[in-house]
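Chemist: Requesting a structural model of the entry that follows:
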Amino acid sequence: MARLEEKIALVTGAGRGIGRAMAVRLAQEGAYVVVTDIDRRLAEETAAQVTGLGRKGLTLQADVSRRADIKQMVQRSVESMGRFSTGHFFKAL
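Modeler: Below is the predicted model of the structure:
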């Protein structure tokens, strides 16, 4: 069993670089991943990698410098995933 089996992670800036690497790594460890980025196309590419690992992924476009985007991102994540997990993912990895 993976260390993060059925935990839920929300990764901002997941369209490329460190954000993408974290989203994929979390999925490899068993987490469901909410993939967010300001560029929806890049977020969708990352989400495809997550689902390719057999994990549930949700793609959201969001600009975390905008309060309304953050609120919508959290609301849509909870609606889709049902909950957020608590804990320190970086410690788990």
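Chemist: from here on, contacts and neighbour counts on C-alpha atoms
Modeler: Fine.
Chemist: Can you tell me the centre-most residue of this protein?
Modeler: Centroid-nearest residue in the chain, with C-alpha atoms, centre = their mean: V34, separated by 2.7 Å.
Chemist: what mean pLDDT would you report for whichever strand or helix holds that one?
Modeler: Element membership for V34 (DSSP states H and E) is strand 32-37. Mean per-residue pLDDT for strand 32-37: 95.
Chemist: Parallel or antiparallel, which strands does that strand pair with?
Modeler: strand 8-11 (parallel), strand 57-61 (parallel) (DSSP bridges).
Chemist: any chance of the ones you listed in CSV, plus mean pLDDT and distance to R20?
Modeler: Formatted as CSV, the strands paired with strand 32-37 follow (pLDDT from 0 to 100; distance: least, C-alpha to C-alpha, whole Å):
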stretch, mean pLDDT, distance to R20
strand 8-11, 92, 8
strand 57-61, 94, 12
